[in-house]
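Colleague: could you work out the structure for the sequence below:
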Amino acid sequence: MAEKKDAHVVEIPVDEEHQSKLLCCMNTVTTIQHHPLMEISQSPGYLLLLKLWQRDEDLFGRRMAIKESRMDSITREIFHLCFIFLLFHGLLLTMLFASSVNVKQEKNCKKWWIPSCLSLLTSLVFVFLVQVKLYRYWKVWRQLQRARGDNRALTMCIQELRMKGASFDLSKELQSGKRMKSSSVEIKWKPFTWCSQNFVTICLVGFSGLVFPASKFILCGF
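Modeller: Model (predicted):
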């Protein structure tokens, strides 16, 4: 008959320090399990929504970067047009002044309208080109502002989803930039806004108006 072996239970003493560490680890695990990001990762619907919104946020960032680059390009084009405009009129006035010194004044005075008309036609062409560039610039600027507003609303929804986790309302719609600004309506004076947006064109037109009679003053005298 086989001898029966006694079963011995070994008790490991646990002091208060080890017990507090064990409780701390258990609380940490419980906190991680109930964290909003953990709830999102365990729910396919919330995880898919978060990924879609993050992808849209990245697309908004790329679009805004493209629009900002486009605005910089248009700004450089406007600067080049204005530089050529001033260079042309500077050369024209210099040539007129030189011709008025070397040739008799009566002969030059009869043809003062030729350089004036040339200056006027050239000015109209440059003013038209600059105005077209300005129109494109402010059109891209408005698109950029709308994109920034939509991206701001999307970022707020992503933050809310990360904070609430599974308690986030999936039926919630994104607020557009216009809806977010409806609470703070700014009163703008339209004439002032138009003048500020077309300031470069106004300056070119004013300069052209001064150059047109300058040809007669240079050739015919005061």
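Colleague: separation between Q197 and Y137?
Modeller: Look at Q197 and Y137: by CB to CB, to the nearest Å, they are 9 Å apart. C-betas here are computed from N, CA, C, even on glycine.
Colleague: who's in contact with K216?
Modeller: Counting by CB atoms under 8 Å, 6 or more residues apart in numbering, K216 touches C109, W112, W113, S116.
Colleague: can you point out the buried residues in whichever strand or helix holds it?
Modeller: Secondary structure assignment for K216, by DSSP states H and E: helix 199-220. Residues of helix 199-220 classed as buried by neighbour count (16 or more other CB atoms under 10 Å): V200, T201, L204, F207, S208, V211, F212, A214, S215, K216, I218, L219.
Colleague: just those now: which is nearest I66?
Modeller: Nearest to I66 among the buried residues of helix 199-220, counting by CB to CB, is V200 at 23.7 Å.
Colleague: give me the spatial nearest neighbour of that closest one, chain neighbours excluded.
Modeller: V130 (5.9 Å; CB to CB, 6 or more residues apart in numbering).
Colleague: tell me which other helices or strands the helix or strand in which I114 is found touches.
Modeller: Per DSSP H and E, I114 falls inside helix 113-164. Using 3 or more CB pairs under 8 Å, 6 or more residues apart in numbering; DSSP states H and E, the elements in contact with helix 113-164 are helix 36-42, helix 44-102, helix 177-181, helix 199-220.
Colleague: residues making contact with stretch 56-65?
Modeller: Here stretch 56-65 has contacts from L144, A147, R148, D150, N151, L154, T155, I158, using CB under 8 Å, 6+ apart.
Colleague: what residues sit buried inside that stretch?
Modeller: Result for stretch 56-65 [16+ other CB under 10 Å]: buried residues D56, F60, M64.
Colleague: which among those residues gets closest to L91?
Modeller: Nearest to L91 among the buried residues of stretch 56-65, with distances taken as CB to CB, is M64, at 41.1 Å.
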